[in-house]
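Student: here's a sequence, model it:
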Amino acid sequence: MGTEQPAPASGLRRYLPTIAGLLLVFGLPFLFNLYLGSARESLSEPSTVLQTIGREWGITILLLLVILFWERQPLSSIGLWKMDWKDALWGVGGFMLGSLAFVVTIPILEMLNLGTTGAGIAQLAQIPIGLRVAVVLTAGITEEILFRGYPIERLNMLTGNLPLSAGLAYLAFVLLHIPFWGPGGTIQIGLWSIVITALYVWRRSLPACMLMHILNDAYAFILLPMLFLEYLPAT
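Tutor: As a prediction, the model looks like this:
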């Protein structure tokens, strides 16, 4: 008489860890924005920036725990693996292409009086450079896990529709930037996000997207203020 094998989990129970992970990604960052605020004036103090960094890492670590110990999936399931030289080249190329989204839209947005990312960059330039480096690394790593690798892969698993999955993740990422960057800056970030979302869908490499994101933010928050702070819009 053989022993009976347990029936595999099905339905909601089977996908519960992933649903919880998606709710975590699409819920907590927006709740923090709603109740704690992420408007430009709220990030004028280093202590506030540190709290924001801590929240982003906290959500990311919680998600990684869900992936590893509840979903029981490897990190490669969200595109997180060793980056090869081709991915590195794509990351650099994505940075260069994405930069055009900011350059070509500045005259149009200024003409429409919508503002650009310049005011936000000038605001962040007021905090110590060490803290800006922390912001760059935090955004480049955590946001790619939270808004690229995990939601695209898990939504694709649930729906079988990669364009829809990438589109939903893209929309969440862009909307999250409205409180701080305003409508004009968010339009610029939205165009830039098309490039980095396409990069992930093409390469399925989160490190390539992290490299592109870090290069972009390092240029905006570290190099640009050092060279052109006097020309940035007043906050």
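
Student: which residues touch the most centrally placed residue in the chain?
Tutor: The centroid of the chain falls nearest to Glu143 when counting by C-alpha atoms, centre = their mean (2.8 Å). Contact criterion C-beta atoms under 8 Å, 6 or more residues apart in numbering gives 56, 173, 213 as the residues in contact with Glu143. For every residue, glycine as well, the C-beta is placed using N, CA and C.

Student: which one of the residues you listed has the most neighbours?
Tutor: Neighbours here are counted as other C-beta atoms under 10 Å. On that basis the top member of the contacts of Glu143 is His213, with 27 neighbours.

Student: host element of the closest residue to it other than its chain neighbours?
Tutor: In space, His213 comes closest to Gly140 once its chain neighbours are excluded; the distance is 4.1 Å by C-beta to C-beta, 6 or more residues apart in numbering. Secondary structure here is read from DSSP states H and E; on that basis Gly140 sits in helix 129-144.

Student: show me the helices in the protein, by range?
Tutor: For the chain, the helices defined by DSSP state H occupy 11-36, 46-65, 85-111, 118-124, 129-144, 150-159, 162-175, 178-203, 206-218, 224-228.

Student: picking that back up, give the contact list for the residue nearest to His213.
Tutor: 210-211, 213-214, 217.

Student: try Ala88
Tutor: With contacts taken as C-beta under 8 Å, 6+ apart, Ala88 has the following neighbours: 208, 211.

Student: any idea how far it is from Ala208?
Tutor: Between Ala88 and Ala208 the computed distance is 7 Å (C-beta to C-beta, to the nearest Å).

Student: do the same with Leu24
Tutor: In this structure, Leu24 and Ala208 are 24 Å apart, going by C-beta to C-beta.

Student: likewise for Thr142?
Tutor: With distances defined as C-beta to C-beta, the gap from Thr142 to Ala208 amounts to 16 Å.

Student: picking that back up, got TSV for the contacts of Glu143, with distance to Val66 and pLDDT too?
Tutor: Putting those into TSV (distance: C-beta to C-beta, whole Å; pLDDT from 0 to 100) gives the following:
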residue	distance to Val66	pLDDT
Glu56	16	95
Phe173	19	97
His213	22	98
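
Student: would JSON lines of the residues you listed with distance to Val135 be doable?
Tutor: What follows is the contacts of Glu143, written out as JSON lines (distance: C-beta to C-beta, whole Å):
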{"residue": "Glu56", "distance to Val135": "9"}
{"residue": "Phe173", "distance to Val135": "17"}
{"residue": "His213", "distance to Val135": "12"}
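
Student: out of the residues you listed, flag the one nearest to Leu65.
Tutor: Closest approach between these and Leu65, by C-beta to C-beta: Glu56, at 15.3 Å.

Student: contact partners for the closest one?
Tutor: Contacts were defined as C-beta under 8 Å, 6+ apart; by that measure Glu56 touches 29, 138-139, 142-143, 146.

Student: buried residues in the lowest-mean-pLDDT helix or strand in the chain, which are they?
Tutor: Lowest mean confidence among the helices and strands of the chain (mean pLDDT, DSSP states H and E): helix 224-228, at a mean of 82. For helix 224-228, the neighbour count (16 or more other C-beta atoms under 10 Å) marks 224-225 as buried.
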